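Peer 1: structure for this input, please:
(chains A and B)
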Amino acid sequence: MIRPWLGIVIIAIVLMILPFFTDALFGRGWVRIIDFAMLYIMLALGLNIVVGYAGLLDLGYIAFFAVGAYCYALLNSPQLGLHLPFWIVLPLGALLACIFGVLLGAPTLRLRGDYLAIVTLGFGEIIRIFLNNLNAPINITNGPQGISMIDPIHIGEISLNKTYEIFGLVFSPVHLHYYLFLGFTLLVIVISLRLQDSRIGRAWVALREDEIAAKAMGISAAKIKLLAFAMGATFGGLAGGLFAGFQGFVSPESFSLTESITVLCMVVLGGMGNIRGVLLGGMLLVALPEALRHGSGPAQQLLFGKTLVDPESLRMLLFGLTLIIVMLWKPAGLWPSNQRKSELTANTGTIARAQQDS
Amino acid sequence: MDTLLQQIINGYVQGSVYAMVALGYTMVYGILGLINFAHGEIVMVGAMVALSVVQLLINSGLPPQLVLLFSLIISVSVCMSLGYSIERIAYRPLRKAPRLAPLITAIGVSIVLQNLAMIIWGREYLAFPPILPNNSHRFFGAIITEVQILIVLVALIMMGGLLLLVHQTRLGCAMRAVAENPTAAILMGVNTNKVIAITFMLGSGLAAVAGLMISARYGIVHYYMGSILGLKAFTAAVLGGIGNMRGAMMGGLLLGLIESLGAGYIGDLSGGFLGSHYQDVFAFFVLISVLIFRPSGLFGGRIAERA
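Peer 2: Sure, this is the predicted structure:
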């Protein structure tokens, strides 16, 4: 049985050399993009637990990302004058996000489908508005300006904001963050995989498929749903903390509804409930806008000899078109899970349902 | 007392606009069980088209009423065809798909519309010419402008007409039948595709009127105006019980009043701790509390209960 090991070894080697390869081929900017892609993948995997496994549509997921990021920022910047170590702040941010997840989950357990969606959306907006306005009368979040000069991540003696040289290889900050984020992304993937096949994971799927039947089988719906919210929120908080440390700056602008929707698009486009699909969706939706950003200007030059349309608008236009075309072409996502026949497909008395029934 | 009356008037006017937009959400939801995320952008397109027509005709010597009528007709027809095309391209092929798939195409459509508008009309705030009479009247110490009166009247007429259409005509009967049970409706000889297309067109027409009204009131049009307005109107629709037309109307008016009263008095209520920029928090907070106690909205009907 050498085959599976071979695959893992190859993937590991590719992941290890990826930043150097990208750096040499496309420039350092793309390493940074990969770093962001991993943050988004962590978020998408977290949301996948809530939407993909448990079938609870959450449109305010970015709020947990915000909680984690602001927790890290407040405890590690001149804003409050606190500078706590990374290994304390990061779990604290994840824990705080988890608590927010439970706080949001508890009152909304009775709601289903679209009502849940709008409440989570409202929750996300409330968090953002508070972050925007909690600079008066007491200045906590510094309002729309956000918190800057956040300490870079330190692990032991290593500061991730410095450049190191080992055996002739230059490790710049983006490279160092790459390896840290890679570690956390792998951790989140492993947890997601293990959860999928656990009692809890199967309970989530059971609730998604048929809540009444699941309850009859002795599943405590309230507890299990809360667990889904809490797990998803924890991953969000974790990614948020890493984001704050990486970026060195947080402001409410980064946590808008658009961001929640982007993460949801990653999950749905890739294939809900399937970890490989979510990974694919995350990578695509980060890489695509970037590729369009770099490509849409020169492409116009090439075709028409001048820039007809502002590349930034064109980029988003093509992004929207891609979303539509991919969904029309593969409605269950690019890489759907075999198991998924979501409760979301048929519970609202829609035409879809009636036609499936008949 | 004067401020209270003023806040109520402002809230009622704003609420009328919300109600018109919320109707579009709720009709589509009632029939398809789909959140039409692109609806807010249709309002924006309606406002933009109206603006272009007004700009084109304003110096042509036509009386302003006629200019307004032309812009209304053109923007309503553009939005109706837009609504029809969106349904045809982005939603109809996905009727049997998993329910989140049309949600994603809706998001895609709204991104496309927003950026198309940005390419066509630019990213600046555009001034809407003061084509409507903007004289103000004093009314028990509060100020009410003629535009505000017009908005309330138009909204009332549109909503009344829609209720008549849905409850008194054959078409309305078909719409209710499709919402109730699509399969049975097909068996009774209802052309469901046609009914759904007409529903989208009606909602989009209302959205165009709302877009014109709101830009005439504030005198400003922007490519991003649709998403915020759409979010509020969707909130209003859920507040009233989504899928329920009377609920959407009441929800819209209620949300307008809550926002305006909340923004006016939140400072006093919280002892000066929270200012009027918490207006949106107030609206969402009310929404969440309503849903916790009445999970299917205030006037949640049959469809909501089954969801």
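Peer 1: how about the residues of the stretch 1-150 of chain B by chain A?
Peer 2: B:29, B:32-35, B:89-90, B:93-105, B:107-112, B:114-116, B:118-119, B:123 (Cβ under 8 Å from any Cβ of the partner chain). For every residue, glycine as well, the C-beta is placed using N, CA and C.
Peer 1: at 6 Å what do you get?
Peer 2: Proximity of the stretch 1-150 of chain B to chain A (Cβ under 6 Å from any Cβ of the partner chain) is limited to residues B:32-33, B:35, B:90, B:93-101, B:104-105, B:107-108, B:111-112, B:115, B:118-119.
Peer 1: likewise the stretch 151-300 of chain B?
Peer 2: Residues of the stretch 151-300 of chain B lying near chain A (Cβ under 6 Å from any Cβ): B:P182, B:T183, B:V238, B:H277, B:D280, B:V281, B:F284, B:L287, B:I288, B:L291, B:I292, B:P295.
Peer 1: now do the second one, the pLDDT please.
Peer 2: If you check B:T183, the pLDDT there is 88.
Peer 1: ok, the fourth one next?
Peer 2: pLDDT, the model's per-residue confidence, is 71 for B:H277.
Peer 1: quick one: it and A:N133 touch, right?
Peer 2: Yes. The pair B:H277 / A:N133 is scored as a contact, 5.4 Å apart, by Cβ atoms under 6 Å.
Peer 1: which of these two has more neighbours?
Peer 2: A:N133 (18 against 14; other Cβ atoms under 10 Å in any protein chain shown).
Peer 1: now do the shared contacts for B:H277 and A:N133.
Peer 2: Counting by Cβ atoms under 6 Å, 6 or more residues apart in numbering or on different chains, no residue touches both B:H277 and A:N133.
Peer 1: so what's the residue of the stretch 151-300 of chain B found nearest chain A up against?
Peer 2: Proximity of the stretch 151-300 of chain B to chain A (Cβ to the nearest Cβ) peaks at B:F284, 3.6 Å away. For B:F284, the contact set (Cβ under 6 Å, 6+ apart) comprises A:G122, A:E125, A:I126.
Peer 1: tell me, how many residues neighbour A:L84?
Peer 2: Every residue meeting other Cβ under 10 Å relative to A:L84 is counted, giving 14.
Peer 1: ok, back up a step: quick check: pLDDT value at the residue of the stretch 151-300 of chain B closest to chain A.
Peer 2: Looking at B:F284, the pLDDT reads 80.
Peer 1: and it, which helix or strand is it part of?
Peer 2: helix B:279-293 (DSSP states H and E).
Peer 1: so which of the contacts of B:F284 are also by chain B?
Peer 2: Applying Cβ under 6 Å from any Cβ to the contacts of B:F284, those adjacent to chain B are A:G122, A:E125, A:I126.
Peer 1: who wins on neighbours among these?
Peer 2: A:G122 (25 neighbours).
Peer 1: how about that residue: what's its closest non-neighbour residue?
Peer 2: Closest residue to A:G122 apart from its sequence neighbours, by Cβ to Cβ, 6 or more residues apart in numbering or on different chains: B:F284 at 3.6 Å.
Peer 1: residues contacting A:F181?
Peer 2: A:F181 neighbours (Cβ under 6 Å, 6+ apart): A:D35, A:M38.
Peer 1: if you set the cut-off to 7 Å instead, what comes out?
Peer 2: A:F181 sits next to A:D35, A:M38, A:L39, A:L242 when contact means Cβ atoms under 7 Å, 6 or more residues apart in numbering or on different chains.
Peer 1: can you check B:F299 too?
Peer 2: Neighbours of B:F299 in contact, by Cβ under 7 Å, 6+ apart: B:G240, B:G241, B:N244, B:R246, B:G247, B:M250.
Peer 1: coming back round to it: possible to save the ones next to chain B among the contacts of B:F284 as a markdown table with distance to B:V54, secondary structure and pLDDT?
Peer 2: Output for the ones next to chain B among the contacts of B:F284, formatted as a markdown table (distance: Cβ to Cβ, whole Å; DSSP: H, G, I helix; E, B strand; the rest coil; pLDDT from 0 to 100):
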| residue | distance to B:V54 | secondary structure | pLDDT |
| --- | --- | --- | --- |
| A:G122 | 35 | helix | 85 |
| A:E125 | 33 | helix | 86 |
| A:I126 | 37 | helix | 88 |
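Peer 1: just give me the closest of the residues you listed to chain B.
Peer 2: Using Cβ to the nearest Cβ, the ones next to chain B among the contacts of B:F284 come closest to chain B at A:G122, 3.6 Å.
Peer 1: correct me if wrong: the closest one contacts B:I288.
Peer 2: Yes. Using Cβ atoms under 7 Å, A:G122 makes contact with B:I288 at a distance of 5.6 Å.
Peer 1: element containing residue 183?
Peer 2: Picked chain A for this. Using DSSP H and E, A:G183 falls in helix A:173-196.
Peer 1: can you look at chain B instead?
Peer 2: helix B:182-187.
Peer 1: please state the offset of that helix from the chain centre?
Peer 2: Helix B:182-187 sits 29 Å away from the centroid of its parent chain (Cα atoms, centre = their mean, to the nearest Å).
Peer 1: any idea which helix or strand comes after it?
Peer 2: helix B:192-218.
Peer 1: okay, now the sheet partners of the very next helix or strand once past that following helix, with direction.
Peer 2: Sequence-wise, the next helix or strand downstream of helix B:192-218 (DSSP H and E) is strand B:220-221. Partner strands and pairing direction for strand B:220-221 (DSSP bridges) are strand B:126-127 (antiparallel).
Peer 1: how far does the partner strand sit from the chain's center?
Peer 2: Worked out by Cα atoms, centre = their mean, strand B:126-127 lies 21 Å from the chain centre.
Peer 1: in its sheet, what does the helix or strand that that strand is followed by sit against?
Peer 2: The C-terminal neighbour of strand B:126-127 among helices and strands, as given by DSSP H and E, is strand B:136-139. Sheet pairing of strand B:136-139 (DSSP bridges) gives strand B:142-145 (antiparallel).
Peer 1: show the contacting residues for the one residue sitting closest to the centre of chain A.
Peer 2: Geometric centre of chain A, nearest residue: A:L43, 1.7 Å, by Cα atoms, centre = their mean. Contacts for A:L43 were tallied using Cβ under 7 Å, 6+ apart; they are A:F65, A:G236, A:A239, A:V263.
Peer 1: shouldn't the last one be in contact with A:L45?
Peer 2: It stands for A:V263. No. When contacts are counted by Cβ under 7 Å, A:V263 is not listed as touching A:L45 (9.9 Å).
Peer 1: more neighbours: the two, which one.
Peer 2: Using other Cβ under 10 Å as the criterion, A:V263 and A:L45 rank with A:V263 on top: 31 against 27.
Peer 1: distance check, the more buried one against A:L39.
Peer 2: 10 Å (Cβ to Cβ, to the nearest Å).
Peer 1: before we move on, what about A:L193?
Peer 2: Distance of A:L193 to A:L39, given as Cβ to Cβ: 19 Å.
Peer 1: could you do B:I228 as well?
Peer 2: 27 Å.
Peer 1: tell me which of those two has more neighbours.
Peer 2: Each of B:I228 and A:L39 has its neighbours counted (other Cβ under 10 Å); A:L39 has more, 23 against 14.
Peer 1: quick one: the helices in the stretch 1-150 of chain B?
Peer 2: B:2-32, B:39-57, B:64-86, B:100-121, B:146-168 (DSSP state H, counting those that start in this stretch).
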